[in-house]
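>>> my questions concern the predicted model and sequence given below.
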Amino acid sequence: MAYIDGFVVAVPAANKDAYRRLAAAAAPLYLEFGGTRIVEAWGDDVPEGKVTDLRRAVKARPDEVIVFSWIEYPSKGVRDAASAKMMSDPRMKELGTQMPFDGQRMIYGGFEVSLDARTQGRAGYVDGALLPVPAGNKDAYRAIASSLAAVLREHGATRVVDAWGDDVPDGKVTDFKGAVKATGDEQVVFSWIEWPSKEARDAGWRKAFADPRMRQDNAPYDERRRTHGGFVPLVDEQAS
């Protein structure tokens, strides 16, 4: 089963180029260690929420931009082996001294892919989201997510991924569970939608919102605590 390491980071806007350079330098190492794809996406349309949102999730300051990123692995075993290599590799340690953001407020975790619906095409724009789903509603959530993914792909999305929380640690400052105010019986879902461009995304959502198949009267999670935003890829590297 495919596995994801997911991250949300607050980066000072002035450090965008420095962050891009760091991410571009790290990407080949992740691929060397067994990753199949690394995406770093810069916040473009990250709305404020009534209960929580991505900015509050990482305690972002006014001058900071949200980065939504992930590393894809073919399995949890490959991911675990890669993590061990990263911890001992001097190149990764050197990159760790150059972080142009506050690492204490970065949230991260490991997720098992439960849905990966795709067509051909690289991502020109990404919608990223975090959701709190009761553990007992996993199958119900998967069924609805699969149905909605088909509609979104029909309206222009090239890929829809949902990944179920598996290794989501508690943080000292913030974490994924706090990001969605998850209760004891809830798991965090790390999800994203890929589009060819922002224009395709905007047009696709207009069509989706008008599509009656998108209406879900009994969502198996608390929509008020869903955090989401639109992002422009800064780095998108894949294994050859």
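Thanks, I have it.
>>> and the strands in the protein?
In order along the chain, the chain carries the following strands (DSSP state E): 3-12, 37-45, 64-73, 107-118, 125-134, 159-167, 186-195, 227-238.
>>> for Ala25, which of those strands is the nearest?
Comparison of these against Ala25 by CB to CB identifies strand 227-238 as nearest, at 9.7 Å. (C-beta placed from N, C-alpha, C; glycine too.)
>>> buried ones in that closest one?
Of the residues in strand 227-238, those scored as buried under the neighbour-count criterion (16 or more other CB atoms under 10 Å) are 227-231, 233-237.
>>> need these in JSON lines with pLDDT and distance to Ala23, can you?
Written out in JSON lines, the entries for these read as follows (pLDDT from 0 to 100; distance: CB to CB, whole Å):
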{"residue": "Thr227", "pLDDT": "98", "distance to Ala23": "22"}
{"residue": "His228", "pLDDT": "98", "distance to Ala23": "22"}
{"residue": "Gly229", "pLDDT": "98", "distance to Ala23": "18"}
{"residue": "Gly230", "pLDDT": "98", "distance to Ala23": "19"}
{"residue": "Phe231", "pLDDT": "98", "distance to Ala23": "13"}
{"residue": "Pro233", "pLDDT": "98", "distance to Ala23": "10"}
{"residue": "Leu234", "pLDDT": "97", "distance to Ala23": "6"}
{"residue": "Val235", "pLDDT": "97", "distance to Ala23": "4"}
{"residue": "Asp236", "pLDDT": "97", "distance to Ala23": "10"}
{"residue": "Glu237", "pLDDT": "96", "distance to Ala23": "9"}
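>>> return the member of the residues you listed nearest to Ala81.
Once CB to CB is applied, the member of these that ends up nearest Ala81 is Glu237, at 19.3 Å.
>>> re the thing from before, in a markdown table, list the strands of the chain along with distance to Val180.
A markdown table is the format used below for the strands of the chain (distance: least, CB to CB, whole Å):
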| stretch | distance to Val180 |
| --- | --- |
| strand 3-12 | 11 |
| strand 37-45 | 18 |
| strand 64-73 | 14 |
| strand 107-118 | 11 |
| strand 125-134 | 4 |
| strand 159-167 | 10 |
| strand 186-195 | 6 |
| strand 227-238 | 6 |
